[in-house]
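**Q** I would like to see how this sequence folds:
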Amino acid sequence: MKPTLVHKLCCPFDKQDLQLTIIKQDTDQNIIEGLLTCETCRRYYPIVYGIPIMNPDEYREKQLEEPILQRWSKQLGASFKEKLLK
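**A** This next block holds a predicted model:
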């Protein structure tokens, strides 16, 4: 995913701007892994293999997302879990 694409995305639930946390980029600065967060509704959307996963809540499988978030915990910081995973 190109970093400039973030400015065109919004939260699918409340249409607010998303904050980007980059975890991994390739040599062309494309985002390979990262996290989009909505500070208003406190939802998060992982970017995996360059693809933002922005499914509705009823189609998300949190148990599949948890290992990814655990792997990214150092880059995300402890406050992420407290703020968004409640």
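**Q** in the sheet, who's paired with the residue sitting nearest the centre point of the chain?
**A** Taking CA atoms, centre = their mean, the centroid of the chain lies closest to residue 35, which sits 2.3 Å from it. Residue 35 forms beta bridges with residue 21, residue 46, as assigned by DSSP bridges.
**Q** Would you confirm that it contacts residue 45?
**A** Yes: assessed by CB atoms under 8 Å, residue 35 is found in contact with residue 45 at 7.2 Å. C-beta here means a position set from N, CA and C on the backbone, and glycine is covered the same way.
**Q** For the top helix by length along the chain, give the mean pLDDT please.
**A** Counting by DSSP state H, the longest helix found in the chain is helix 62-71. Averaging pLDDT along helix 62-71 yields 85.
**Q** Contacts only, for the residue nearest to the centre of the chain.
**A** Residue 35 makes contact with 20-21, 23, 44-47, 72, 76, 80, according to CB atoms under 8 Å, 6 or more residues apart in numbering.
**Q** And the residues you listed, which two are furthest apart?
**A** The distance between the two most remote of the contacts of residue 35 (CB to CB) is 14.5 Å, for 47 and 80.
**Q** Number of residues surrounding residue 47?
**A** 23 (other CB atoms under 10 Å).
**Q** pretty sure it is in contact with residue 34, am I right?
**A** Yes: between residue 47 and residue 34 there is a contact under CB under 8 Å: 4.1 Å.
**Q** Quick check: neighbours shared by those two?
**A** 1, 23.
**Q** So which elements touch the helix or strand following the longest helix of the chain?
**A** Later in the chain than helix 62-71, the nearest helix or strand by DSSP states H and E is helix 73-76. If you count contacts as 3 or more CB pairs under 8 Å, 6 or more residues apart in numbering; DSSP states H and E, helix 73-76 packs onto strand 19-25.
**Q** any idea what sits nearest residue 50, other than its immediate chain neighbours?
**A** residue 1 (4.7 Å; CB to CB, 6 or more residues apart in numbering).
**Q** What pLDDT is listed against that neighbour?
**A** Residue-level pLDDT assigned to residue 1 equals 92.
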